[in-house]
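K.L.:
Could you work out the structure for the sequence below:
(2 chains)
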Amino acid sequence: MKVTGEDVAYVADLANLGLTEDERGLLLRDLNSILEYIDRLNQLDTTDVPPMAQVWDRYAVDQSKTGSASFAYASREDVHEGLRKSLPHDLALQNAPDSDGTFFKVPKVIER
Amino acid sequence: MDLNSLTIDATRSAVQELKTTATALAEAFYSKIEKDDPQIGAYLTLSKDRALEQAARMDSLAAKGEELPPLGGVPVGIKDVMVTRGVRTTAGSKILGNYIPPYDCTAVARMETAGAVMLGKLNCDEFAMGSSNENSAWRPVHNPRDLSRVPGGSSGGSAAAVAADMAVATLGSDTGGSIRQPASFCGVVGLMPTYGRVSRYGLIAFASSLDRIGPLTRTVKDAATVLRTIAGRDPMDSTSAEVPVPDYVAELEKPVRGLKLGVAKEYFGEGLDSEVRKSVEAAIQKLAESGCEIVPISLPHTEYAIPTYYIVATAEASSNLARFDGVRYGYRARDAHTLPEMYRRSRDHGFGAEVKRRIMLGTYALSAGYYDAYYLKAQKVRTLLVRDFEEAFKKVDAIVTPTSPTAAFKLGEKDDAPLAMYLADIFTVTADLAGIPGISVPCGETKENLPIGLQILGKHFDEATILRVAHACEQAA
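P.N.:
The predicted structure follows:
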């Protein structure tokens, strides 16, 4: 088995998931079975193959340029205002689980 | 008016020529939904006020003799992963159970600007993660052809609504086959456009480098009409492409004679149901008789598509779904006393099992020590999969395959086997990874009257060709 119970606990922590004991047990089983299947990727030699994060890496990015210039296809004129109005306060807060009308409220972050 | 087999043009003409009204039509569809949807489960939320307001607008245009826009008065449904201003949008998840979006998804706005009447929001797998619609947090969708079977997923509600005459057309989303596979299972047309063809603004993100919005319709022409409506650059999505939108409907009429269609041996191997094979081969034979040249090709890395997909898609999902933390919107656990505890409990209670499984897999693949072995490796294999298509498209104009290795399976059949469920997408995920367009068109039925789909894959931004081939296939049937 590649993934251990400790790995599951560590990854759950990274992902901000608590998970019950039952869930951890099932995930241990499922992750191992899925990763075993995924390991077939190692049959392929990819030493000289460039990675591709998204489609336009291959079709739109200008490889002859560096930095932001290579992403010219996705850039636009800078707009200081008028592109889109910000949401009004009440609309931005309308889905808040808890708010005081000005801010989102969350449980206390700093003990004092 | 008979709601069976209504097309977009027939609906619009009936409203335009005052044979019926958009209002009467919308009400007829709501009656049909009220009667039939309890057995099927396609709709999660109905948006009657908004629909009837839009219908009245179209009726008043028609009454004045003004020309209706291309979708004028046409009742449509929208997959619940596209946000709709003022109309509850859940993404099939409890974590967004009461979410009322403050803005509209661009594709939805374009449909409504073109006169469409949005009946409501359609059921789907939670965050579009699934291939059977059984992962909806609310209820599973049943296949209208056989209620004991799944409609496919994740756009199961979108496919079922069209198949059961509860909408003339719907929008779905495709990340790993989620438009084409349910279209195939329900016997409707499903089109996934090229990545960048349709804006993703307002589509609740699952895997941003893969997610696409597209139509599910009764006919290929309807799919072309909807694509023409929703396609094109949107300043709100920097990945939407500045590529001119052709008149897809006019393009349909061009003959298919002389087109070269690739048939890849990797899509006809082990695991392909014999009835599906027979039906798909017969459809390819008919295309040959219409003058297409059938060219044997190879897409040698096909078997690596599913493992690549389940790393790329879950890695992106683990990042995208980090935003659901109970702070600004969505479900918040009430029993937590500290902030980290609140995050964890909100996500624990809010997400379903498959979503947690994918977040965990994606987080693992991105975590220190495993990034190179999994995520980077998958990104490299993604390049190999793209090269397969680039080589193939040097020789052919489009590629024809089965959409799914089997017809619709039974509810519960793959309950305890996530990997078996993932393999239901074996013929569809590669096109998602490569960014190319694909369409599923009905091409026959099994002995049990279950629909079978033919998939046609095309070059980037060449939806016109795959629509044309699909149209020819439809006409020949």
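
K.L.:
and after the longest helix along chain A, which helix or strand comes next?
P.N.:
For chain A, the longest helix by residue count, based on DSSP state H, is helix A:21-38. Toward the C-terminal end, the helix or strand that comes next after helix A:21-38 (DSSP states H and E) is helix A:55-59.

K.L.:
avg pLDDT for the longest helix of chain A?
P.N.:
Mean pLDDT, helix A:21-38: 96.

K.L.:
Next: stretch B:464-477.
P.N.:
95.

K.L.:
Quick check: buried residues in that stretch?
P.N.:
Neighbour-count burial for stretch B:464-477 flags B:464-474 (criterion: 16 or more other C-beta atoms under 10 Å in any protein chain shown). Every C-beta, even on glycine, is put in place using the N, C-alpha and C of the backbone.

K.L.:
Just the ones in helices from those, please.
P.N.:
Going by DSSP H, the helices hold B:464-474 from these.

K.L.:
sorry, back to before: the longest helix of chain A and chain B, any residue contact?
P.N.:
Yes: using C-beta under 8 Å from any C-beta of the partner chain, helix A:21-38 reaches chain B at A:23, A:26-27, A:30-31, A:33-35, A:37-38.

K.L.:
Tell me the buried residues in that helix?
P.N.:
A:23-24, A:26-28, A:30-32, A:34-35, A:38.

K.L.:
now stretch B:418-432
P.N.:
B:418, B:421-432.

K.L.:
Ok, stretch B:319-327 next?
P.N.:
B:319-321, B:324-327.

K.L.:
of all those residues, which comes closest to residue B:376?
P.N.:
residue B:319 (15.4 Å; C-beta to C-beta).

K.L.:
doesn't residue B:362 make contact with the closest one?
P.N.:
Yes: with contacts counted by C-beta atoms under 8 Å, residue B:319 reaches residue B:362, the gap being 7.4 Å.

K.L.:
what ranges do the strands span in chain B?
P.N.:
B:43-46, B:75-79, B:117-122, B:169-174, B:189-192, B:212-217, B:260-264, B:293-297, B:398-402, B:438-445, B:451-458 (DSSP state E).

K.L.:
For the fifth one, give the mean pLDDT please.
P.N.:
Think strand B:189-192. 98.

K.L.:
Who are the packing partners of it?
P.N.:
Applying 3 or more C-beta pairs under 8 Å, 6 or more residues apart in numbering or on different chains; DSSP states H and E, we find strand B:189-192 packed against strand B:169-174, helix B:180-186, strand B:212-217, helix B:220-230, strand B:438-445, helix B:463-476.

K.L.:
what number of residues lie near residue 48?
P.N.:
Assuming you mean chain A. Residue A:48 is flanked by 6 other residues according to other C-beta atoms under 10 Å in any protein chain shown.

K.L.:
think we crossed wires, I meant chain B
P.N.:
Residue B:48 has 12 neighbouring residues, counting by other C-beta under 10 Å.

K.L.:
Is it correct that it is in contact with residue B:30?
P.N.:
Yes: between residue B:48 and residue B:30 there is a contact under C-beta under 8 Å: 6.7 Å.

K.L.:
Buried residues in the worst-scoring helix or strand of chain A on mean pLDDT, which are they?
P.N.:
Every helix and strand in chain A was compared by mean pLDDT, DSSP states H and E; the lowest is helix A:55-59, with a mean of 79. By 16+ other C-beta under 10 Å, the buried positions in helix A:55-59 come out as A:55-58.

K.L.:
just checking, what packs against the helix-or-strand element of chain B with minimal mean pLDDT?
P.N.:
Lowest on mean pLDDT, DSSP H and E among the helices and strands of chain B sits helix B:418-422, with a mean of 83. Using 3+ C-beta pairs under 8 Å, 6+ apart as the contact test, the elements touching helix B:418-422 are helix A:21-38.
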